[in-house]
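*Asks:* Predicted coordinates and the sequence they were generated for:
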Amino acid sequence: MAFKLSSLTPITDLQFPTFHTQFLQTIPVFRSSSLQQKLLDSKLHSRRKSSLCSNSLNQETVQNLTPTSTPPASSNKLVLVTGGTGGVGQLVVASLLNRDVKMRLLLRNPEKATTLFGEQEEEKLQVIKGDTRNSEDLDPSMFEGVTHVICCTGTTAFPSRRWDGENTPERVDWEGVRNLVSALPRSLSRIILVSSVGVTKSNELPWSIMNLFGVLKYKKMGEDFVINSGIPYTIIRPGRLTDGPYTSYDLNTLLKATAGERRAVLIGQGDKLVGEVSRLVVAEACIQALNIDFTEGQIYEINSVPGDGPGSDTEKWKELFKAAQLQ
Ligand SMILES: NC(=O)c1ccc[n+]([C@@H]2O[C@H](COP(=O)([O-])OP(=O)(O)OC[C@H]3O[C@@H](n4cnc5c(N)ncnc54)[C@H](OP(=O)(O)O)[C@@H]3O)[C@@H](O)[C@H]2O)c1
């Protein structure tokens, strides 16, 4: 069963999950490690080895997430994921773990990572405590060694409990993105920013309704900051998100997530696409864009519809991204 709560969900549809309380009740004690000690001052928490997740992956789960090819071998990437506890973000993290890609997560509540992904080897997954709204939380030293970034942060478009403590679109989608990008190493190979369709049309119906509290305006400001930062970027603008966030919080369940019928992918440019997209498809698009050179400097809108999709086949994703650019 999936929560209906989503960042751009109309307020009348909002349901408030209670899982934050559950997370807090299941916090395991972090074990000490050399890296944890070294980075304690900069709030970097790290994880030690556990067989909880990786050992129990089975063929079925791998096939569900990566239906058309096996996970690539581990790479030299170190991917920083922000919003890794969110609907799209948790699928990004699970999928990168499955592909043996090293990650650093920036989380307001690092304990959530253990609940979602189990305890992982320090080499594979490190967790930094930080709130993107607070630039003092984002010391550039915390991002040393990071080669790529996938930014999946967000909040609700309309007032909700997720705005508590002023966690509003202005603070998260604009100031948070600005703070993050400002702190990132200039040597970064790529930042992938998850934004939204409609950001260029926030004054037009029906987008102006979605934009009543500024979410589209602030996402566009975040986009522009990324574009002007000089860091190589790709912007992914999803339609309305479907499928998830998932309510069973462990890596194996996340890896079993499927896009259901909605596997066929539509990619456009020019902010003309309107529709829905599976969170799993958005997560895969972010990961694929990291590996496809010609997506650098591009903005793509993405939807998914019933039918067969590209799964994790990079050649098929290349065709989809390329076709969008030729339209
Ligand atoms: N829902 C839609 O239909 C829709 C449509 C188009 C685009 N989008 C966008 O797509 C992206 C992914 O959506 P989603 O539904 O997967 O997101 P989500 O479930 O709302 O997750 C948001 C993530 O951002 C993190 N976050 C929020 N405020 C933060 C802060 N101040 N500092 C650090 N992290 C913070 C949250 O962490 P915590 O655990 O700390 O809260 C969570 O991990 C978002 O940018 C969203 O706006 C959504």
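*Replies:* Thanks, I have the structure now. Residues are numbered from 1 along each chain as shown.
*Asks:* Buried residues, stretch 175-182. List them.
*Replies:* Along stretch 175-182, these residues count as buried under the neighbour rule (16 or more other Cβ atoms under 10 Å): 175, 176, 177, 178, 179, 180, 181. C-beta coordinates here come from the backbone N, C-alpha and C atoms, glycine included.
*Asks:* For the protein, list the residues in contact with the ligand, please.
*Replies:* Applying Cβ under 6 Å from any ligand atom, one finds that the chain approaches the ligand through 6-9, 82-83, 85-89, 108-109, 112, 131-133, 152-155, 167, 172, 176, 194, 196, 238, 240-241, 245, 279.
*Asks:* could you redo the buried residues of stretch 175-182 as JSON lines and give each row pLDDT and distance to residue 142?
*Replies:* Below are the buried residues of stretch 175-182 laid out as JSON lines (pLDDT from 0 to 100; distance: Cβ to Cβ, whole Å):
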{"residue": "175", "pLDDT": "98", "distance to residue 142": "18"}
{"residue": "176", "pLDDT": "98", "distance to residue 142": "15"}
{"residue": "177", "pLDDT": "98", "distance to residue 142": "17"}
{"residue": "178", "pLDDT": "98", "distance to residue 142": "17"}
{"residue": "179", "pLDDT": "98", "distance to residue 142": "12"}
{"residue": "180", "pLDDT": "98", "distance to residue 142": "11"}
{"residue": "181", "pLDDT": "98", "distance to residue 142": "14"}
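*Asks:* quick one: which of these is nearest the ligand?
*Replies:* The ligand lies nearest to residue 176 out of the buried residues of stretch 175-182, by Cβ to the nearest ligand atom, at 5.2 Å.
*Asks:* Just say helix, strand or coil for that closest one.
*Replies:* Assigned by DSSP: H, G, I helix; E, B strand; the rest coil, the conformation of residue 176 is helix.
*Asks:* Quick check, it in contact with residue 152.
*Replies:* No. Using Cβ atoms under 8 Å, residue 176 makes no contact with residue 152, being 11.5 Å away.
*Asks:* Please list only the buried members of the residues of the chain next to the ligand.
*Replies:* 6-9, 82-83, 85-89, 108, 112, 131-133, 152-155, 167, 172, 176, 194, 196, 238, 240-241, 245, 279.
*Asks:* Mind checking which of those residues land in helices?
*Replies:* Secondary structure from DSSP state H places 87, 88, 89, 112, 279 of those in helices.
*Asks:* tell me the two of those residues that are most distant?
*Replies:* With Cβ to Cβ as the measure, no two of those lie farther apart than 112 and 279, at 17.2 Å.
*Asks:* Quickly note the distance from residue 85 to residue 135.
*Replies:* 21 Å (Cβ to Cβ, to the nearest Å).
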